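Participant: kindly generate the corresponding structure for this input.
(chains A and B)
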Amino acid sequence: MRVALEDVAVSRGACALSCSGVFEEGIHLVTGRVGSGKTTLALLLAGLLKPTAGSVRREGIGTLTLSLQNPEYHVTEATVRAEIASYGADPDGIADRCGLAGRIDDDPFHLSRGELKRLHLACLFAAEWDLLVLDEPFSSLDCVQKRLLCRRLEERDAGITVVFTHERQVLPGVDYLWEVGDGRASCLGPVREAIGRWRYAPPYLKLAIEEGRVPENIRFEDARKEP
Amino acid sequence: MKDARLRICCTFALSLAAFCSVAGAALVYLWWLLFSRRRRSLPALNTLALVAVPLAIAALAAEIASGGGLSYFFRLSAVFLVAFWAYGERVPGELLGAGVSLFGSRIGFDLGLAGEMGMEALSSLEDDIVQIRMALGLKGKKWGSGMIIPFGLATLHAQMRRSVERAALLAVRGYRGGGSICPCFTRTKTDCAAFFFAVIVLFLSIASLSDVFI
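Facilitator: Just a heads-up that it's a prediction; the model follows:
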């Protein structure tokens, strides 16, 4: 199971991006500045954008989905119950898991953005995806929910997960690091080898590296571990 | 056209000319051929269809009901062509500068700010529509009449949320009306020629041809 990008060039509005690389099974974390092309790459991986050059080959991928940055875009139903059902998930179970059991008959647009994001992500995690692309999944979530999301991501035992994020405090353990910048997306490599070269590393990781430690992964607790 | 003030004046003059008479609309088409970037001044084909189809239906209905539908379609198409040109040439922030330059730092600033926010809303609407359609596709929903209400609600909600955030931002920054800005405009000879011909087009569309040529 993998997604191979071969000399891909793509443009979306003012953003032009090129990329070559392979997304293998595991969790890939993609970082980059605002407007660098992360969403463009996410759309490309999910097959919602066609490359202007090169090719995107999805091998062994039967099911794929993408979580857009704004959860409101995904809403299609008039109640939380119907909204959960529209993903093919169990409404009562999901609402309970999200802490929204008491609001199951409310209009999804009456939920706060954080609640809506939580609901949308819970619906996605209720299904099995070979390729799961998450564009800014941590936005609008509080620290507790971010940690829960990290746990859900780490619990995924199969498939390719690609997380595009600006998050700098609560991060999951990942397998590969990618960077998007200067019109190019590139894989820095497996996480342990790549941490030292990661330009967008959160401050706690940079501090750990300055202190001579090489964290095994990018979680806060990894940076605090003694070698 | 680089000078936003000239562009606004051209837009008003040409829209009025196109709406006033069929001859005016014909001259506007000619002006558009001369001074626009032609294909690059037009939006994407589906956006163009979204505008042209309702216009054609309204024109057909008018033609059947009382006549004059063809003329209506011809004139309104010219107005939309000018609108597409003006929208395609815009640069973020210039309406604020043009507003202050034309009407001063009180009303002009407010008008410019309202114009900027309107333009930004239009621009974000394009993105909203694209992303909502993608989200529908991801859920396996087919685009059809059943999707009009969820699509409309999601679009409206996205716009309203953005408006609330923008209003809060203005309030936090202490906006109470009016403001100062020092706009700087550059213009080329082509800009001046386009403006001059737009005024001529307006004049010819309003004045009777016999008044002009005898």
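Participant: separation between the spatially most central residue of chain B and B:Val28?
Facilitator: Nearest to the mean C-alpha position of chain B, counting by CA atoms, centre = their mean, stands B:Ala83 at 3.7 Å. When distance is defined by CB to CB, to the nearest Å, B:Ala83 is 11 Å away from B:Val28. For glycine as for every other residue, the C-beta is placed from the backbone atoms N, C-alpha and C.
Participant: any idea how far the residue lying closest to B:Leu42 once chain neighbours are set aside lies from A:Arg156?
Facilitator: Closest residue to B:Leu42 apart from its sequence neighbours, by CB to CB, 6 or more residues apart in numbering or on different chains: B:Phe84 at 5.5 Å. To A:Arg156, B:Phe84 is 46 Å away according to CB to CB.
Participant: helix, strand or coil: sort out A:Ser20 for me.
Facilitator: Put simply, A:Ser20 is strand when judged by DSSP: H, G, I helix; E, B strand; the rest coil.
Participant: was I right about it contacting A:Val8?
Facilitator: Yes - contact status for A:Ser20 versus A:Val8: in contact at 6.9 Å, counting by CB atoms under 8 Å.
Participant: give me the helices and strands touching the helix or strand harbouring B:Trp85, please.
Facilitator: According to DSSP states H and E, B:Trp85 maps onto helix B:69-89. Applying 3 or more CB pairs under 8 Å, 6 or more residues apart in numbering or on different chains; DSSP states H and E, we find helix B:69-89 packed against helix B:4-20, helix B:22-35, helix B:45-65.
Participant: OK, contacts around the residue nearest to the centre of chain B?
Facilitator: Contact analysis of B:Ala83 by CB atoms under 8 Å, 6 or more residues apart in numbering or on different chains lists B:11, B:15.
Participant: which of the residues in stretch A:33-51 are buried?
Facilitator: Counting neighbours by 16 or more other CB atoms under 10 Å in any protein chain shown, one finds that the buried residues in stretch A:33-51 are A:36-49, A:51.
Participant: would it be right to say that A:Leu29 lies in a strand?
Facilitator: Yes - judged by three-state DSSP, A:Leu29 forms part of a strand.
Participant: pLDDT at it, what is it?
Facilitator: Turning to A:Leu29, the model gives it a pLDDT of 97.
Participant: which one of the helices and strands packed on helix B:69-89 lies closest to chain A?
Facilitator: Closest to chain A of these is helix B:45-65 (CB to the nearest CB; 14.2 Å).
Participant: what comes up buried for that closest one?
Facilitator: Neighbour-count burial for helix B:45-65 flags B:55, B:59, B:62 (criterion: 16+ other CB under 10 Å).
Participant: wondering if the helix or strand containing B:Ala171 reaches chain A at all.
Facilitator: Taking DSSP H and E as the definition, one finds B:Ala171 inside helix B:148-172. Yes - interface with chain A: helix B:148-172 contributes B:150, B:153-154, B:157-158, B:161 (CB under 8 Å from any CB of the partner chain).
Participant: which of the residues you listed count as buried?
Facilitator: The neighbour count (16+ other CB under 10 Å) marks B:150, B:153-154, B:157-158 as buried among the residues of helix B:148-172 next to chain A.
Participant: for the buried residues of stretch A:33-51, work out which two are farthest apart.
Facilitator: In terms of CB to CB, the buried residues of stretch A:33-51 reach their longest pairwise distance at A:Ser36 and A:Gly47, which sit 21.0 Å apart.
Participant: which pLDDT value belongs to the residue nearest to B:Ala18 when sequence neighbours are not counted?
Facilitator: Nearest non-adjacent residue to B:Ala18, counting by CB to CB, 6+ apart: B:Ala78, 3.7 Å away. The model reports B:Ala78 with a pLDDT of 96.
Participant: OK, contacts around B:Ala78?
Facilitator: When contacts are counted by CB under 8 Å, 6+ apart, B:Ala78 is found next to B:14, B:18, B:24-26, B:28-29, B:32.
Participant: for chain B, which residues are neighbours of chain A?
Facilitator: So chain B meets chain A at B:128, B:131-132, B:134-139, B:141, B:147, B:150, B:153-154, B:157-158, B:161 (CB under 8 Å from any CB).
Participant: is stretch A:157-169 anywhere near chain B?
Facilitator: No - figure legend: stretch A:157-169 not in contact with chain B (CB under 8 Å from any CB); closest approach 14.4 Å.
Participant: run through who's touching that stretch.
Facilitator: With contact meaning CB under 8 Å, 6+ apart, stretch A:157-169 is reached by A:1-3, A:23-31, A:34, A:38-39, A:41-42, A:45, A:61, A:128-139, A:143, A:146, A:153, A:171-172, A:174, A:202-203, A:220.
Participant: now that stretch: buried residues?
Facilitator: The neighbour-count check on stretch A:157-169 (16+ other CB under 10 Å) flags A:159-165, A:167 as buried.
Participant: from the chain's centroid, how far away is that stretch?
Facilitator: Computed by CA atoms, centre = their mean, to the nearest Å, the chain-centroid distance of stretch A:157-169 equals 4 Å.
Participant: endpoint to endpoint, it covers what distance?
Facilitator: Length of stretch A:157-169, first residue to last, CA to CA, to the nearest Å: 24 Å.
Participant: now do stretch A:197-215
Facilitator: Length of stretch A:197-215, first residue to last, CA to CA: 13 Å.
Participant: could I get the buried residue list for it?
Facilitator: A:198, A:200-202, A:204-205, A:208-209, A:213, A:215.
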